[in-house]
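In: Prediction below, plus the sequence it came from.
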Amino acid sequence: MGFLTKNPVELPSYGFRWPNTAQRAPRIVARICEARTLLGLLLQKLTASYRSSSNKLIQSKTSGITFLMVAACVCLSPGCQFQAARHTADGQWHVQNNQFGPAIDSYQQALMTNPRSADANYNLGTTYYYMAKQTGQAHFNPKSEDLLRQAISLNPNHVDAYRTLSALYIETQRPNDAFNLMRSWQVAQPTSPEPLVELARLYREHNDPTRAVQHLADALTIDPNNSRALVAMGSLREEQGQLELALKNYTRSYQANNYQPELATRIASLQQRLNSSTNSTNNTRYANPSMNNTLR
């Protein structure tokens, strides 16, 4: 749901949207690969010097090499990480203000800092998705797809990357690819409820609530307190007119994750509907059976 820990780019709304699952801030890059590469090169130079130089020559170079290695290690410090985080935050600000060009520049800089970051690939890929969606420039979609697939390759359980890539497939008229993506995720992560929740969303979007309920039930078997599965099940129950069951699902979801202001409003509204229905039933006047004999 709307956790503030890793903070990805906000996922755009499309089709059936689980309440409050798209409201997230930018993810923060945690590791710096360029500095590690520099450190590796310095170590290689040190090894080469050892093989080709005398001990005296090595001693004369030791202080200089040590200084360079320390400098490389400094790049792994929070200062360098702050730069990556700043680029990510800048990108998020540009996305929120529909400034996609500058957003892409910022996220590209964050990705250059650490090409092996699943989150950095996800942020840039999602921004390309936004740009294609908002401007109608479909040629950005392949770039988005490649980056999102790279994010999944780097993190096989990257929920947001799966969701955005699925959205891209649906909007580009490739529903089979969306279903195959989620099924392959389910096979790869059989103990995770997330693929089942996403499959349920796809089935609901394609007017198959029965299978949607089945997949949500399976997800809740794996994780009975999964807030996304609970709120999705509640939404389906509400559509089917099972308001009391819906309220139970919503309440359990909110108890599992209370960072859902929209769900809190929904719970209050549903409680009011149920109370009104109960009061209406209690105030209904029925014919007195003892008066039936007097009726003509």
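Out: Good, I have the coordinates.
In: going forward, measure contacts and count neighbours with C-alpha atoms only.
Out: Fine.
In: Let's see the pLDDT reported for Ser277.
Out: You'll see Ser277 listed with a pLDDT of 77.
In: show me where the stretch 101-250 of the chain has helices.
Out: 118-135, 141-154, 159-171, 175-188, 194-205, 209-222, 227-239, 243-256 (DSSP state H, counting those that start in this stretch).
In: can you list contacts of the longest one?
Out: If I follow you right, that is helix 118-135. In this structure, residues lying in contact with helix 118-135 by C-alpha atoms under 8 Å, 6 or more residues apart in numbering are 8-9, 11-12, 26-29, 95, 100, 103-104, 107-108, 110-111, 114-115, 137-141, 143-148, 150-155, 158, 160-161, 164, 168.
In: my read: Val95 touches Gly101, true?
Out: No: with contact defined as C-alpha atoms under 8 Å, Val95 does not reach Gly101; the gap is 9.0 Å.
In: between these two, who's got more neighbours?
Out: Neighbours per residue, other C-alpha atoms under 10 Å: of Val95 and Gly101, the larger number sits with Val95, 20 against 14.
In: Which of the helices or strands spans the more buried one?
Out: For Val95, the element it lies in under DSSP states H and E is helix 78-96.
In: That helix packs against which elements?
Out: helix 100-113 (3 or more C-alpha pairs under 8 Å, 6 or more residues apart in numbering; DSSP states H and E).
In: Could you give the average pLDDT over stretch 240-259?
Out: Mean predicted confidence for stretch 240-259 is 95.
In: And the contacts of it?
Out: Stretch 240-259 is contacted by residues 1-3, 225-228, 230-231, 233-238, 260, 263-264, 267, 270-271, 274 when judged by C-alpha under 8 Å, 6+ apart.
In: what ranges of the stretch 1-150 of the chain fall below the confidence cut-off?
Out: Across the stretch 1-150 of the chain, residues meeting the criterion (pLDDT under 70) sit at 1-81.
In: residues near the closest residue to Ser144 other than its chain neighbours, how many?
Out: Spatially, and ignoring its direct neighbours in sequence, Ser144 is nearest to Gly125 (4.1 Å; C-alpha to C-alpha, 6 or more residues apart in numbering). Under the neighbour criterion other C-alpha under 10 Å, Gly125 is assigned a count of 30.
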